[in-house]
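> okay, predicted coordinates and the sequence, questions at the end:
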Amino acid sequence: MKKGIFQIFANSISKAVAYIKEPSAIYDTLKLGLLTVDLEASNQDVQFIGTDTVKYQHIDFGDNTLGSFDRAAGYGVKDLNLTWKTLTLTQDKGDSIKIDRMDDEEACANGIVKLANRYILTIQAPAIDKYRFGKILAANNTFCQAATPTDSTILAKFLHGKARLENARVDVNNLICYIAPAYKELLKAAAIKQGYFLHGNWGGNLDAEVEMVDGIKLVSVPQNILGAGVCFIILHPNAVWARVKYQETEFFDKIPGFGGRKMQADIGVYHDAFVYDELNRAIYVQKVTAATTYTVTYAAGAVGNTSATTVSAATQAATAADGEFTIASLTSSNYTLSGKTIAGVTDGYNFYNLGDTYVMPAHNVTLTVVWK
């Protein structure tokens, strides 16, 4: 569904100025131009603690195994780790736009609004989208496959991405696929042929009809904005925190040196995007670059200031992104720590039990022993 044209009519310069200086009004215009606007609708658990800083609660457990009841000792003890994390909007961006004054005030006022809207839709929105995709692609530990899809393989690769997320217990009822136009056409053709394509409502929004493949919303993104060599990104919007705050919106009626013939609008915006560490496995990236293998290293870990001892380090062969391997069944013959037993391992983002299947991200991995 194409986005509608957003137009504000102002019959006086004062009304035009009021529009430019009202953050909520110009933000409504920005939302029409953003391809990633769905990322702003999620993650309502964050709190602003200043002009450009937010905080959120991070919760995890010492291990994910379910304990057993013992009549004498009761239930086993489970460690809970709760911390506050802060995120800071780093992008303070904007421009000063010089506008010629017109003799007719109503025409001048409408011209001011039209120019401001065009600037927001053609300059700000694409720049913000491109920055957000850059942050998503730079995130560690996301699912990633490196293989060029063809008309005969793209649907299978798309469904493989969805399966990866579903296997990671991601809510697949609210997934979005940001896809380059050339690959979208391939995917649509394949999905229509096999009955996976439909138009319908997504994410509970009954006011908008979107294109979907197997229940996943498709958003076409120009290749230069999505990223070079990226075919598509499937993600759950909760995995990415993205926000915009209009702060420095000002209007100057007379600019020195122009004899009163020029006006100036300053439209500045704070914005940023972050991938939550604990939700990075809710992102799947399909690239066209050649496959590269990455190393897997096991580490002994520590409890407090006490480091564990490596007896015989476990090893794992280098693995390509999206490749699978079984996490080693570590014992005291590999690593020891007095008074402790091995609960599992962590890759720095998530906890895994011994023997779990691990899907390789597109970077080297260290699996560190978690002790209990």
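In hand now; what should we look at? From a predicted model like this one, the values you see are computed outputs, not experimental measurements.

> please parse the chain into its domains.
Annotated domains of the chain cover 13-287, 293-371 [automatic domain parsing].

> now those domains in a markdown table, with mean pLDDT?
Formatted as a markdown table, the domains of the chain follow (pLDDT from 0 to 100):
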| stretch | mean pLDDT |
| --- | --- |
| domain 13-287 | 87 |
| domain 293-371 | 91 |
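
> what about the closest residue to Glu278 other than its chain neighbours, which helix or strand?
Among residues not flanking Glu278 along the chain, His58 sits closest, at 6.3 Å (CB to CB, 6 or more residues apart in numbering). C-beta: built from backbone N, CA, C; applies to glycine. Using DSSP states H and E, His58 maps to strand 53-61.

> other SSEs contacting the helix or strand just after that strand?
Next in sequence after strand 53-61, counting helices and strands by DSSP H and E, comes strand 80-88. Applying 3 or more CB pairs under 8 Å, 6 or more residues apart in numbering; DSSP states H and E, we find strand 80-88 packed against strand 53-61, strand 262-275.

> which one of those lies closest to Phe232?
strand 262-275 (16.8 Å; CB to CB).

> can I get the closest one in PDB, CA atoms only?
Extracted C-alpha coordinates of strand 262-275, given in PDB (Å, rounded to 0.1, in the frame of the first residue of the first chain):
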ATOM      1  CA  LYS A 262      15.000  35.600   2.600                       C
ATOM      2  CA  MET A 263      13.600  33.600   5.500                       C
ATOM      3  CA  GLN A 264      15.300  30.600   7.200                       C
ATOM      4  CA  ALA A 265      14.000  27.400   8.800                       C
ATOM      5  CA  ASP A 266      16.300  25.400  11.100                       C
ATOM      6  CA  ILE A 267      15.000  21.800  11.300                       C
ATOM      7  CA  GLY A 268      17.200  19.700  13.700                       C
ATOM      8  CA  VAL A 269      16.600  16.200  15.000                       C
ATOM      9  CA  TYR A 270      18.100  13.800  17.600                       C
ATOM     10  CA  HIS A 271      17.800  10.200  16.500                       C
ATOM     11  CA  ASP A 272      19.400   6.800  17.000                       C
ATOM     12  CA  ALA A 273      18.800   3.100  16.800                       C
ATOM     13  CA  PHE A 274      20.100   0.200  18.900                       C
ATOM     14  CA  VAL A 275      19.800  -3.600  18.700                       C
END
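
> bridging residues for Thr249?
Beta bridges link Thr249 to Ile267, judged by DSSP bridges.

> can you start the count at 493 instead of 1 from here on
Sure thing, new numbering starts at 493, so read that last one as Thr741.

> please list all residues in contact with it.
Under the criterion of CB atoms under 8 Å, 6 or more residues apart in numbering, the contact partners of Thr741 comprise Ile512, Lys513, Glu514, Pro515, Ile518, Ala757, Asp758, Ile759, Gly760.

> again with Asp584
Neighbours of Asp584 in contact, by CB under 8 Å, 6+ apart: Asp544, Gln739, Gly760, Val761, Tyr762.

> one more time with 7 Å
Gly760, Tyr762 (CB atoms under 7 Å, 6 or more residues apart in numbering).

> report the central residue of this protein.
Centroid check for the chain by CA atoms, centre = their mean gives Val732 as the closest residue, at 3.4 Å.

> just to revisit the earlier point, what's the strand holding His550 packed up against?
strand 539-540, strand 572-580 (3 or more CB pairs under 7 Å, 6 or more residues apart in numbering; DSSP states H and E).

> fine by me, we can end here.
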